[in-house]
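> Everything below, folded, please.
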Amino acid sequence: MSVHRFLIILASLALAACSGSDGGGQGSCSNRGQKIFVRDAMQDWYLWNNLLPDNIPVRDYDSPEALLADLTTYSPDDGSGNPIDIFSFIGSAAADAAFFGQGQFEGFGFGLGANASILQVFAGSPADLGGLARGQQILELDGRTVAAIEAAEGLNAALSVTPLTLLMLEPGGAQLTTTIAHDIVTINPVPQSRVIAANDGSGRMVGYIELSTFIGTADPAFDTVFADFIANGVNDVILDLRYNGGGLVNTANLLGDYLGGGVPAGDVFSDTRFNADRALINNSLELFDRLGNSLNVSRFIVIASSGTASASELVINGMAPHVAVTIVGGTTFGKPIGQVGFEFCDKIFRPTAFQTFNADGFGDYFGGLPVDCPVADDLTIAVGADADPNMIAAMGYLDTGLCPVIALPAVASKAQLNEQAVRPDRRGPPWREYAGAF
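Model prediction:
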């Protein structure tokens with residue numbers, strides 16, 4: 001693809017110190033200097049900078065974070081009375097770099113879904129070593145019920161405490177008590193891939209990839225996976241993005257290259273558009289590039305959910321004009337916008353700065369990309385297993401061209417099914433936003 005790349009949250013726009021234009025803190029990392037830096041960057045780069053007030057006195061805000069929280073309320077309404085921008089964020093520059101470079105973060109190592117249920121546990125993490133597993137449900141943290149926590153500070157805040165003693169409910173009804181503490185967790189961006197024989201007796205081979213997040217360590221894994229697919233005669237691909245909240249745009253672009261072996265080189269994968277002040281210099285087209293192991297995909301099935309967002313949606317939307325794309329599972333989150341990153345004072349500032357469109361000019365999916373074959377996510381079954389309802393639906397669709405009816409377990413509880421939740425605020429550390437990780 002073209003060499004002009006943008007990252008969904010981290011672009012090569014690093015500045016060494018704060019800056020400003022109203023004196024008394026210009027070039028400094030004082031609280032005032034940081035607020036001036038954030039204000040000026042928002043006025044220059046914010047996607048909706050035309051909606052910001054003309055005069056923004058930084059003295060009215062206690063911190064750069066408080067300033068940013070107020071300025072994001074000027075973004076357009078999302079249709080439910082809330083601002084669209086629930087993404088712009090200020091965080092640790094070092095933590096950002098560790099996550100996107102090595103897939104590492106400090107935490108427990110599990111992903112949380114609706115009803116305080118465990119969606120995934122990262123291999124080798126404190127959660128894994130402490131006995132947590134997919135399908136379990138948190139009942140208590142340090143002796144407090146989930147209901148009491150939600151009525152007070154909320155689960156996100158409660159899970160920032162370390163160590164924690166958790167009371168867990170197993171899918172079969174047994175209970176587990178375990179104590180775990182934060183440690184360095186390393187996320188494998190491609191937890192699994194395999195080649196599956198079609199069920200219709202045709203001899204067709206289907207490639208399956210689970211992608212947990214778009215980070216730099218995924219790039220070499222793609223080449224290995226697609227080389228295996230080509231060696232096994234794969235033309236239909238199932239890409240499992242059900243818990244993938246996004247990440248780096250350049251990794252999404254690279255995946256598009258591997259999936260687009262049948263698309264003429266030079267065709268448009270995505271169209272990135274900035275605000276009117278930045279458009280002339282920064283708008284860009286991302287074009288398909290033929291790689292050594294680019295695959296000529298005939299049919300492209302995506303397993304998705306309300307947690308599928310950002311770079312994940314970019315891949316789905318970018319491929320849609322070029323190959324037959326079918327979404328299995330649930331409607332995606334709805335984030336056709338991305339952030340650039342500015343380093344300042346040991347922090348990273350990530351304002352929402354651009355929107356992406358596909359070759360057909362479509363990029364207005366704030367309500368999510370609609371599901372074609374709705375399927376519930378049964379947490380009692382391993383992701384990508386033959387018995388996984390989403391896999392049954394995906395394989396059935398490839399066999400017949402129809403969405404099969406998937407029978408749910410007779411006694412499936414809400415804790416065992418990942419249900420659509422209220423659209424969450426996505427501001428937070430990148431491992432939370434993009435990998436759903438605690």
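
> switch to C-alpha atoms for all contacts and neighbour counts from now on
Will do.

> Now the element after the helix or strand of the chain with the lowest mean pLDDT, going C-ward?
The helix or strand of the chain with the poorest confidence is strand 417-418; it has a mean of 64 (mean pLDDT, DSSP states H and E). As assigned by DSSP states H and E, the chain's next helix or strand after strand 417-418 is helix 430-435.

> Output that next one as CSV, restricted to C-alpha atoms.
Presented in CSV, the C-alpha positions along helix 430-435 are these (Å, rounded to 0.1, in the frame of the first residue of the first chain):
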residue,chain,number,x,y,z
PRO,A,430,-5.1,1.4,24.6
TRP,A,431,-5.2,-2.1,26.0
ARG,A,432,-8.7,-1.3,27.4
GLU,A,433,-10.0,0.4,24.2
TYR,A,434,-8.5,-1.9,21.6
ALA,A,435,-8.2,-5.3,23.3
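
> so how far is that helix off the chain centroid?
Distance, stretch centre to chain centre, for helix 430-435: 6 Å (CA atoms, centre = their mean, to the nearest Å).

> Output the contacting helices and strands for it.
When contacts are defined as 3 or more CA pairs under 8 Å, 6 or more residues apart in numbering; DSSP states H and E, helix 430-435 packs onto helix 93-102.

> Could you name the helices and strands sitting against the helix it packs on?
Counting by 3+ CA pairs under 8 Å, 6+ apart, the elements that helix 93-102 packs against turn out to be strand 104-107, strand 347-350, helix 430-435.

> so how far is the helix or strand Ile327 falls within off the chain centroid?
Using DSSP H and E, Ile327 maps to strand 324-329. Computed by CA atoms, centre = their mean, the chain-centroid distance of strand 324-329 equals 18 Å.

> Mind listing the strands that strand pairs with, and their directions?
Sheet pairing of strand 324-329 (DSSP bridges) gives strand 299-304 (parallel), strand 373-374 (parallel).

> what separates the helix or strand following the first one from the chain centre, distance-wise?
Put plainly, it is strand 299-304. Later in the chain than strand 299-304, the nearest helix or strand by DSSP H and E is helix 311-319. Counting by CA atoms, centre = their mean, helix 311-319 is centred 11 Å from the centre of its parent chain.

> Check stretch 325-334 too.
Distance, centroid of stretch 325-334 to centroid of chain: 13 Å (CA atoms, centre = their mean).

> Could I get the CA-only coordinates of that stretch as CSV?
The C-alpha trace of stretch 325-334 is given here as CSV (Å, rounded to 0.1, in the frame of the first residue of the first chain):
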residue,chain,number,x,y,z
VAL,A,325,-18.1,-9.7,2.7
THR,A,326,-20.5,-11.3,5.2
ILE,A,327,-20.7,-10.3,8.9
VAL,A,328,-21.6,-13.1,11.3
GLY,A,329,-22.4,-12.6,15.0
GLY,A,330,-23.5,-9.0,15.8
THR,A,331,-23.5,-5.5,14.5
THR,A,332,-20.1,-3.8,15.0
PHE,A,333,-19.4,-0.9,17.4
GLY,A,334,-19.4,2.0,14.9
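
> before we move on, the earlier item: what's downstream of the strand holding Ile327, the next helix or strand?
Counting by DSSP H and E, the element after strand 324-329 in chain order, helix or strand, is strand 337-339.

> quick one: average confidence on that following strand?
Averaging pLDDT along strand 337-339 yields 96.

> Moving C-terminal from the strand or helix carrying Ile230, which element do we reach first?
Element membership for Ile230 (DSSP H and E) is helix 218-231. Following helix 218-231 in sequence order, the next helix or strand is strand 234-240 (DSSP H and E).

> which residues touch that next one?
The list of residues contacting strand 234-240 from outside it, by CA atoms under 8 Å, 6 or more residues apart in numbering, reads 195, 204-211, 295-304, 384, 394, 398.
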